[in-house]
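Novice: I'll drop the sequence and a predicted model, then ask my questions.
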Amino acid sequence: METLLFLFPQFNYMAPKEEAYFKMFGPQHSQAPKMKDDFSRQKDKERKSRLSLFLTKSGSHENVSPHKKTNTPPNNISPEAALQWSDSFEELLKHSDGVESFSQFLRTEFSEENIEFWLACEEYKTIDSETKLLSKAKYIYMVYIESEAPKEVNIDYNTKVAIQKVMAKPTMSCFEAAQIKIYSLMKKDSFPRFLNSDIYLGLTRKKGPGANMFRRRSRSCVFNDRGEATNEPLAW
């Protein structure tokens, strides 16, 4: 019953919670007589409010780390590893610690839904069961896409409508356009700020006992005024 995540195996959080969400709220009564618009909107808001509360209490399994909600970076990251992330956004996404640290930064900007949505889409593309695909698609749509969703991402109206139209029979690529837009937003907007944030700079400047990231001039070969090598250290 496990789902393998080929690109990012460390973020495989597929779980039967999605079924619980829909059982919790019950089926849509599409055959019932149409109620007044204001009453329908109120009921819809109540349903979304319950979903939001449920996600808050249980911890969304879409989160990179549901049990880590602080803005403190992982303690086992070396400065050398953290410096590699600055090469590119793609490089950062290859490392679980990089994604976790970036997620913590996004929480400080109240935009962690972007990385959670992107990861959910990555997981979605690995599903090979039609039943699970439908369940996962509805979950992603309810949590991240529809208007006033608990973790609604910032995508344009046309993209949102296009996704809504295929929710009855979702495809493997139905979230692709939205995922690309959110990826571009994180890469061009959030990632540069992350590299200048206290969270990232704190990682790159971290020092162990007696360690120093900056290389001092060697004391083994110092040249005097006559160009001769001497072992006498110069004052630094």
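Specialist: Noted; the coordinates are in hand.

Novice: least confident secondary structure element in this structure?
Specialist: Scoring the helices and strands of the chain by mean pLDDT, DSSP states H and E places strand 222-223 at the bottom, with a mean of 43.

Novice: may I ask which helix or strand encompasses Lys132?
Specialist: helix 130-140 (DSSP states H and E).

Novice: so which bits of that helix are buried?
Specialist: For helix 130-140, burial by neighbour count (16 or more other Cβ atoms under 10 Å) applies to Lys132, Leu133, Leu134, Ser135, Lys136, Ala137, Lys138, Tyr139, Ile140. C-beta: built from backbone N, CA, C; applies to glycine.

Novice: where along the chain do the helices fall?
Specialist: Per DSSP state H, the chain carries helices over the ranges 17-25, 37-58, 79-85, 89-93, 96-108, 113-124, 130-140, 157-165, 176-185, 191-195, 198-204.

Novice: what's the third one packed up against?
Specialist: Just to be clear, that refers to helix 79-85. Under the contact definition 3 or more Cβ pairs under 8 Å, 6 or more residues apart in numbering; DSSP states H and E, helix 79-85 sits against helix 89-93, helix 96-108, helix 198-204.

Novice: again, 7 Å this time
Specialist: Helix 79-85 makes packing contacts with helix 89-93, helix 198-204 when contacts are defined by 3 or more Cβ pairs under 7 Å, 6 or more residues apart in numbering; DSSP states H and E.

Novice: between the buried residues of helix 130-140, which is nearest Ala81?
Specialist: Relative to Ala81, the closest of the buried residues of helix 130-140 is Ile140; by Cβ to Cβ it sits at 31.0 Å.

Novice: so what's the closest one up against?
Specialist: Ala120, Tyr124, Phe175 (Cβ atoms under 7 Å, 6 or more residues apart in numbering).

Novice: most neighbours of all these, which one?
Specialist: Phe175 (27 neighbours; other Cβ atoms under 10 Å).

Novice: nearest residue to it other than its sequence neighbours?
Specialist: Cys121 (4.9 Å; Cβ to Cβ, 6 or more residues apart in numbering).
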